Structure formats: C-alpha cells, structure tokens
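> predicted model, plus sequence, below.
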Amino acid sequence: MFTLSPVEGLFTMRSQAVSPNPKTPTPANSESNKPKPTDTPPTTDALNQQINSLKNRIASRVAQLKLVEKRGIIGQVTDVSGTQITVSDLKDYKRFIDVDELTRFSSPGVKGAFGISDVTQGTKIGVLGLYNKESRRILARFVNVLDLPKIIHGEVSLVDRQNYTIKVSTEDNKEVTLDVETTTKTLSYSKDGGLARSGFSKIKEDQRVIVIAETDSINKDRIVASKVILLPDIPKNPKTVPP
Amino acid sequence: MKKEKVILSFIATLIGLMFAGVAFYFYESSKDLPPSTIKKISIVQPTPTPKPSIFLSLDRPKDEEVVSKKVITISGKTIPEAIVSIIAQNSQDIITPALNGDFSTTINVEDGQNLIEITAIAPNGESAKALRTVTFSTEEF
C-alpha cells in the first residue's frame, strides 16, 4: 500500500512541476557516441591500476619495515613451550621469542643437532631476530647458547699468595673468591700511564679492581679470573659494605 | 509595630551572642591545662636522598643493536673528572672524558651477541653503570 501525506504530495507535485526536462532525442549518427581522442584507452587504465597496486604494496612494505626491525638480545630462559621461548633479559624484563622452521639453534658445547627441545630453563641465550614493535615479540632467526664472562667490580678483601686466589667484595655486598692462574692477565690503570701490564704480586688488599672471570668448565663452583684490572688511584666505592 | 519588634529581638539576640562569646573567651583563657594534655606537633622535614656524585648517559651504541661492522663506537657523557671503563668479551679499555664530560672510543666486537659494560667511576669511588647488547651479524633476513 502506498500512501502520501498532504505535505509529501505537495512536494511531489512541486518537483514534478519544476523538474521536467525533456531529453532531446539524439540523432542516430551523432558524433558524441564516438570515443573522443582525449579519452584514456583501456591499456592506460590497466597501467594505472598496476601503478596504484604497486604504490600500495610499497606503502605497506614501508610500514612493515618500520614496524619490524632486526634486534639481538641476551636473556636467561624462564620457560619453553611449543614454539615460544620466554626469557628474562638483562634488565629483568620478560621477553617473548617465537621460533619457526627458519630459526637456527646452536650451542658452543654441542656439535650435533641442537633444537628448541635442548633449550632448558636457566640457560643463557642470545637471540637474533625480527622484533615487532607492536607485539613486542621477537621472531628468532638465530638462537645461541651463550657462555658470557662475569664482570666483577669491587675491592680486594683478601689476597691468598700461597693458593693464588683473591677475594673481592662486590658492589652488591657479596664476596667472590677468584682463582688467579698463569694465563690471567693483570693490568693496572693510572691516569698518566693508562693501562699497563702488572702482576699478581701488585694486587693489594683494599685495592679497587675490575675482574673479568669465567666459571671453570669442570668445577662449576670455581671462578677463574681471565683479566684483573687494578685501579690503585681510585678509592673504594662508598656504597660497598664489606660482608 | 510588628517590624520594630522583629528588629529589637534581632538586636537583643546579637547582644546576647556577643556577651556569651566574651564570657566564653575569658573562661577559656583562664583555664589551666596540665602539660601532659598538650600535644606537641613537630613537622619533620623529609631527608633528601643524597644526589649521586656521578652520572652516565650513553649515546651510542643503541641497546640490542645489530651491526655489520666489527668496530663500533661507544660514546656518551659523564662528569669530566671520572674515568670510564668499557668491558666487552674480548676487549677492555679505560678512558678519560673531555673537559665537558663527553667521551668516545671504538672497540672490536665478536660474532654474535656482545655484552658491553660501560662504567663511569668518580674520583670518590662512586660509579654509574650501563649495559648494552650489540650483535654482530651480516646475515640477511
């Protein structure tokens, strides 16, 4: 059923009265039906479409490139599940790492096959991959088990000249016993002379030191100093409290 | 007549209140309070945290940066009197900053991840530390 209100009817009548614009009949052989020379041929349209599609692809690729960047992180594995590794990074932040079929795993101690199933909790790993700034996840391309040296800052609290060990009070108020071996390089720093070679005999108690050390591969409780840098001119850190 | 009554009663109330106020004031001032009942309020000023005598800000390298060159620049700012130690896996260096505190040096990095520890040590022994992870890789992905 179709009904018209009086107002609508009035408008309809009015529009009918104004709008009639009878079309003039077009002659059959009119020139207007023929394509004008300025009209774009269909090949140009296709080309334009291709250009636009390419433009869109470039724009999306640029956006993708800005969103994703190469990054390398170091962290301690806290969880491994399926294709995801969770690590705690050097700043103690939780980081999520995705692995896929392109991810390569390696460990310095393992010569054969090494994969995600070999990565265990507590392992220190280095991850190189694509970091997505939006999801804050890393799509790993390389995962390596790391054996990083320890860097110890502190003061010498004890020098055992018989057993060639030193005890260092660290800035986080711990005491570390370090073995000094024949391979250990001892250096001494002074503002005038810079870094110069030194020896075990020059290590004195209460001296400020920086030690680069590694855990012994056989005895895990033993820490071997690979480099000892003595800072005789620098006083103790006032924040260090002897344990 | 009615209006006058209202005004008069208002004035009387006002005078009454004034007298009551004066009487209360004299009563309160004549009162002797034992010292034990008086509470002493002391405003304790918060002790400001001592400012560290040293700071360290790093310009380069960016943390978690991936580099394709074995030699990288380490630059930043600290106090001019400090010394700056740069410790990486296989290279160590101790430098002194310029008069404005700026410092810059180069170190060699190893393949893969490199943990670089930069420490500025003040003449009084205080230190400020920064860690950077720099990865050397020429792989395309």
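Structure's in. What do you need?

> hey, let's count contacts and neighbours off CA atoms from now on
Will do.

> can you pull the domain assignment for the chain?
Using chain A here. According to automatic domain parsing, chain A comprises the domains A:68-145, A:150-231.

> that's the wrong chain, I meant chain B
According to automatic domain parsing, the domains of chain B span B:2-33, B:56-136.

> right, and the ones you listed - which one's nearest chain A?
domain B:56-136 (4.3 Å; C-alpha to the nearest C-alpha).

> you'd agree residue B:26 is in a helix?
Yes: applying DSSP: H, G, I helix; E, B strand; the rest coil, one finds residue B:26 inside a helix.

> so where's chain B uncertain?
Residue ranges of chain B with pLDDT under 70: B:1.

> which non-adjacent residue is nearest the closest residue to chain B within chain A?
Closest to chain B within chain A is residue A:237: 4.3 Å, counting by C-alpha to the nearest C-alpha. Among residues not flanking residue A:237 along the chain, residue B:125 sits closest, at 4.3 Å (C-alpha to C-alpha, 6 or more residues apart in numbering or on different chains).

> could you pull up the residues touching residue B:105?
With contacts defined as C-alpha atoms under 8 Å, 6 or more residues apart in numbering or on different chains, residue B:105 is in contact with B:73, B:74, B:75.

> could you report the neighbour count for the last one?
In other words, residue B:75. 17 (other C-alpha atoms under 10 Å in any protein chain shown).

> picking that back up, looking at the domains of chain B, which is buried most?
Highest mean neighbour count of those: domain B:56-136, a mean of 19 (counted as mean count of other C-alpha atoms under 10 Å in any protein chain shown).

> how long is that domain end to end?
One end of domain B:56-136 sits 25 Å from the other (C-alpha to C-alpha, to the nearest Å).

> now the contacts of residue B:105 as a markdown table including distance to chain A?
Below are these laid out as a markdown table (distance: C-alpha to the nearest C-alpha, whole Å):
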| residue | distance to chain A |
| --- | --- |
| B:73 | 17 |
| B:74 | 17 |
| B:75 | 19 |
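
> state the distance from the residue nearest to residue A:237 to residue A:84.
Separation of residue B:125 from residue A:84 (C-alpha to C-alpha): 43 Å.

> confirm the residue of chain A closest to chain B sits in a strand?
No: under three-state DSSP, residue A:237 sits outside any strand and is assigned coil.

> so who does it touch?
Counting by C-alpha under 8 Å, 6+ apart, residue A:237 has contacts A:154, A:171, B:124, B:125, B:126, B:127.

> secondary structure class for the residue nearest to residue B:97 when sequence neighbours are not counted?
Among residues not flanking residue B:97 along the chain, residue B:103 sits closest, at 4.6 Å (C-alpha to C-alpha, 6+ apart). Put simply, residue B:103 is strand when judged by three-state DSSP.

> what does chain A have sitting close to chain B?
A:70-74, A:126-128, A:141, A:148-149, A:151, A:189, A:191, A:194-195, A:234-239 (C-alpha under 8 Å from any C-alpha of the partner chain).

> for chain A, give me the ranges with low pLDDT.
A:1-42, A:63, A:241-243.

> one more time with 90
A:1-45, A:52-53, A:55-66, A:82, A:108-113, A:147, A:171-173, A:191-193, A:215-222, A:236-243 (pLDDT under 90).

> that older thread, in CSV: the domains of chain A, plus mean neighbour count and distance to residue B:12.
Below are the domains of chain A laid out as CSV (neighbours: other C-alpha atoms under 10 Å in any protein chain shown; distance: least, C-alpha to C-alpha, whole Å):
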stretch, mean neighbour count, distance to residue B:12
domain A:68-145, 17, 77
domain A:150-231, 18, 79
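
> list the backbone torsions phi and psi for the residue positioned nearest the centre of chain A.
For chain A, residue A:71 is the residue whose C-alpha lies nearest the centre (C-alpha atoms, centre = their mean; 3.6 Å). In terms of degrees, to the nearest 10, the main-chain angles of residue A:71 are phi -150, psi 150.

> wait, isn't it in contact with residue A:131?
Yes: contact criterion C-alpha atoms under 8 Å: residue A:71 and residue A:131 qualify, at 6.0 Å.

> residues shared between the contacts of these two?
Both residue A:71 and residue A:131 are in contact with residue A:138, where contact means C-alpha under 8 Å, 6+ apart.

> how close does the closest residue in space to residue A:147 that isn't next to it in sequence get to residue B:116?
Counting by C-alpha to C-alpha, 6+ apart, residue A:124 is the residue found nearest to residue A:147 once chain neighbours are left out, at 7.2 Å. Distance from residue A:124 to residue B:116, counting by C-alpha to C-alpha: 16 Å.

> roughly how far does residue A:84 sit from residue A:118?
In terms of C-alpha to C-alpha, residue A:84 sits 13 Å off from residue A:118.

> OK, contacts around residue 75?
Since you didn't name a chain, this refers to chain A. Neighbours of residue A:75 in contact, by C-alpha under 8 Å, 6+ apart: A:87, A:88, A:89, A:90, A:124, A:125, A:126.

> correction: the question concerned chain B.
B:58, B:59, B:60, B:61, B:102, B:103, B:104, B:105.
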